[in-house]
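A.B. asks: here is my input; please provide its structure:
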Amino acid sequence: MKRAMTIFLVMLSSIAIMAPVVFARAGGAEPDLVMGAGAIVLAILLAPFIIAVMIYSYIKSKMKRAEARKLLQKLAENDRTWNQDLLEKRAREVYFAVQMSWTKNDINLCRSFVSDRLFEQHRHLLAAMAKKGEMNILEQVQLDECTPLAVHDYAGETDDEVYIKIVGSMIDYTVDSSSKIVRGEKGKVVPFEELWVFCKHIKYGWVLNEIRKQIDCYQIGKIKSFTEEVSS
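C.D. replies: Purely as a prediction, here's the structure:
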């Protein structure tokens with residue numbers, strides 16, 4: 001089954017008669033694919049496979065959510081930091097703080113919301129944009145879904161991780177020093193799905209450690225919830 005789904009995904013990715021339009025958003029640039037006429041015809045021919053992949057992705061996501069919820073309930077009995085409601089609330093706070101720091105070109109605004117590693121990564125990305133005289137503008141930032149898909153409870157507390165599916169939308173474009181739009185489109189709302197990986201910071205608690213853009217059912221299928229907790 002995994003091999004079949006991988007083949008489907010490869011077939012879908014072969015719809016590559018496309019012109020890339022690059023948007024940034026928090027975490028750096030990614031391609032947003034725009035299909036040409038040939039690609040549209042191919043997409044129509046592959047419609048049954050696309051539908052199958054969508055159904056498979058929905059089922060896998062539902063299973064992952066259930067597994068994560070069950071483990072979170074168990075862990076929260078002894079450790080309140082695993083409480084799902086608190087986790088989702090924290091993820092929402094992190095989401096808006098990170099997007100705000102990105103569009104204001106001030107990484108310090110999200111210092112307490114991201115890991116040390118991601119803080120440095122974003123600092124370098126923003127510095128590179130500033131050097132080119134560019135600024136990424138994010139407007140009408142929305143968060144439509146914030147759902148844990150996997151929980152990693154390690155023996156060492158600072159190694160713990162939570163994988164959260166982020167579904168949102170925003171207007172996303174980049175301007176140069178003369179305010180000319182160089183990437184994206186002002187006024188166009190762009191929807192997206194990402195997988196955000198949270199870890200525990202010794203000072204700030206749950207923080208964002210990684211952003212995985214353009215997630216697919218194959219990636220979702222690979223992540224699993226587990227605990228290294230030793231029963232007494």
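
A.B. asks: how about Lys203, secondary structure?
C.D. replies: coil (DSSP: H, G, I helix; E, B strand; the rest coil).

A.B. asks: tell me how far it lies from Ile44.
C.D. replies: Using Cβ to Cβ, to the nearest Å, Lys203 is found at 53 Å from Ile44. (Each C-beta comes from the backbone N, C-alpha and C, glycine too.)

A.B. asks: cool, Leu149 as well?
C.D. replies: Taking Cβ to Cβ, one finds Leu149 at 31 Å from Ile44.

A.B. asks: Glu228 touches Ala155, doesn't it?
C.D. replies: Yes. The criterion here is Cβ atoms under 8 Å, and Glu228 meets it with Ala155 at 4.5 Å.

A.B. asks: outside of stretch 77-84, which residues touch it?
C.D. replies: Arg69, Leu72, Gln73, Leu75, Ala76, Leu86, Pro148, Val151, Asp153, Lys200, Gly205, Trp206 (Cβ atoms under 8 Å, 6 or more residues apart in numbering).

A.B. asks: same question, stretch 223-232
C.D. replies: 64, 67-68, 70-71, 74-75, 149-155, 163, 195.

A.B. asks: between these, which is closest to Gln142?
C.D. replies: Leu195 (17.8 Å; Cβ to Cβ).

A.B. asks: for this protein, longest helix please?
C.D. replies: Secondary structure assigned by DSSP state H gives helix 47-76 as the longest helix of the chain.

A.B. asks: mind saving the C-alpha coords of the helix or strand that contains Leu126 as CSV?
C.D. replies: Assessed by DSSP states H and E, Leu126 sits inside helix 116-131. Extracted C-alpha coordinates of helix 116-131, given in CSV (Å, rounded to 0.1, in the frame of the first residue of the first chain):
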residue,chain,number,x,y,z
ASP,A,116,17.4,28.5,19.8
ARG,A,117,18.1,26.7,16.5
LEU,A,118,15.1,28.1,14.7
PHE,A,119,15.7,31.5,16.1
GLU,A,120,19.1,31.6,14.5
GLN,A,121,17.8,30.2,11.2
HIS,A,122,15.1,32.8,10.9
ARG,A,123,17.6,35.5,12.0
HIS,A,124,19.9,34.7,9.1
LEU,A,125,16.9,34.4,6.6
LEU,A,126,15.6,37.9,7.6
ALA,A,127,19.1,39.4,7.5
ALA,A,128,19.6,38.0,4.0
MET,A,129,16.3,39.6,2.9
ALA,A,130,17.2,42.9,4.6
LYS,A,131,20.6,42.9,2.8
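
A.B. asks: the helix or strand following that helix vs helix 47-76, what angle?
C.D. replies: Next in sequence after helix 116-131, counting helices and strands by DSSP H and E, comes strand 135-153. Orientation check (axes from the mean of the first three to the mean of the last three Cα atoms, to 10 degrees): strand 135-153 against helix 47-76 gives 60 degrees.

A.B. asks: partners of strand 135-153 in the sheet?
C.D. replies: Its sheet considered, strand 135-153 pairs with strand 161-175 (antiparallel), strand 226-227 (parallel) by DSSP bridges.

A.B. asks: low-confidence stretches in this structure?
C.D. replies: 1-24, 27-41, 43, 49-50, 52-58, 230-232 (pLDDT under 70).

A.B. asks: tell me which element the residue positioned nearest the centre of the chain is part of?
C.D. replies: Residue closest to the average C-alpha location in the chain (Cα atoms, centre = their mean): Glu194, at 2.4 Å. Per DSSP H and E: Glu194 is located in strand 181-201.

A.B. asks: list the buried residues for that strand?
C.D. replies: By 16 or more other Cβ atoms under 10 Å, the buried positions in strand 181-201 come out as 183-184, 190, 192-201.
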